[in-house]
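S.K.: next come a sequence and a model predicted from it.
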Amino acid sequence: MQTVKIVVTGPFNSGKSAFIQSVSEIDVVSTERKITSEAEKIKNTTTVAMDFGRITVDEDLVLYLFGTPGQRRFDFMWEILSEGMLGFIVMVDSTRPETFREARSILETFRAYAPTPYVVAANKQDLEDAWDVEDMRIALRLPDNVKILPCVATDKESVKKVLLELLFSILEEVEKNSSR
């Protein structure tokens, strides 16, 4: 059986924990703690170390999903969690353009840790004030070859689509490297 480590990262409150919880076949190992700061107005808990979930794709493939903390004060965990990853997902809250610069910075940080395939998940696309995916591409300064996918982190099928797109990207990379 093949196991694949995937990291789910992004700014605070972008939907990383919900993303993992909606598809994990095990109870998610979570390190949520109460917040006592400005961010408390948005959400009253935050991930301080990681979230961990697991999903079996088929009899030969299992994905281990590691969610990172979104707050910069816990960014020391990012490099640790990135070790051994075969790909990563950057979650972005489509309704909060004030977080787009932070999302871009996180994306660049993870690309520096490991040159692995990645996709961007434009979360909360079910909400009325969500930005259009192509407008988000421009705001995030993503090149055309980077997949930015509409997502609703609480919807299992939506999450599966994002994971499949990342798996396709990983497979393309493996095939490209093996033909060299």
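M.R.: That came through fine.
S.K.: so for the helix or strand encompassing residue 158, what gets flagged as buried?
M.R.: Using DSSP states H and E, residue 158 sits in helix 156-178. Buried residues in helix 156-178, counted by 16 or more other C-beta atoms under 10 Å: 158-159, 162-163, 165-167, 169-170. In short, each C-beta sits where N, CA and C put it, glycine included.
S.K.: now do stretch 83-90
M.R.: For stretch 83-90, by 16+ other C-beta under 10 Å, it's 85-90.
S.K.: again with stretch 50-58
M.R.: Result for stretch 50-58 [16+ other C-beta under 10 Å]: buried residues 50-55.
S.K.: need the residues you listed in CSV with distance to residue 6 and secondary structure, can you?
M.R.: Shown next, in CSV, are these (distance: C-beta to C-beta, whole Å; DSSP: H, G, I helix; E, B strand; the rest coil):
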residue, distance to residue 6, secondary structure
50, 12, strand
51, 12, strand
52, 11, strand
53, 10, strand
54, 11, strand
55, 9, strand
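S.K.: quick one: list the elements packing against the helix holding residue 158.
M.R.: strand 2-9, helix 16-23, strand 87-93, strand 118-123, strand 148-150 (3 or more C-beta pairs under 8 Å, 6 or more residues apart in numbering; DSSP states H and E).
S.K.: if we can go back for a sec, could I get the buried residues of helix 156-178 as TSV with distance to residue 146 and pLDDT?
M.R.: Shown next, in TSV, are the buried residues of helix 156-178 (distance: C-beta to C-beta, whole Å; pLDDT from 0 to 100):
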residue	distance to residue 146	pLDDT
158	19	97
159	19	97
162	13	97
163	16	95
165	11	96
166	12	96
167	16	94
169	10	94
170	14	92
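S.K.: among the buried residues of stretch 50-58, show me the least confident.
M.R.: Model confidence across the buried residues of stretch 50-58 bottoms out at residue 50, which has 71.
S.K.: residues touching the closest residue in space to residue 92 that isn't next to it in sequence, list them.
M.R.: Excluding the flanking residues, the one nearest residue 92 by C-beta to C-beta, 6 or more residues apart in numbering is residue 103, at 4.5 Å. By C-beta atoms under 8 Å, 6 or more residues apart in numbering, residue 103 lies in contact with 10-11, 14, 90-92, 120, 140.
S.K.: ok, the residues you listed vs residue 109, which is closest?
M.R.: Distances from residue 109 to those, taken as C-beta to C-beta, are shortest for residue 90 (10.0 Å).
S.K.: ok, the closest one touching residue 9?
M.R.: Yes: counting by C-beta atoms under 8 Å, residue 9 is a contact partner of residue 90 at 5.8 Å.
S.K.: between the two, what contacts are shared?
M.R.: 106, 110.
S.K.: show me the shaky parts of this protein.
M.R.: Applying pLDDT under 70 to the chain flags residues 31-49.
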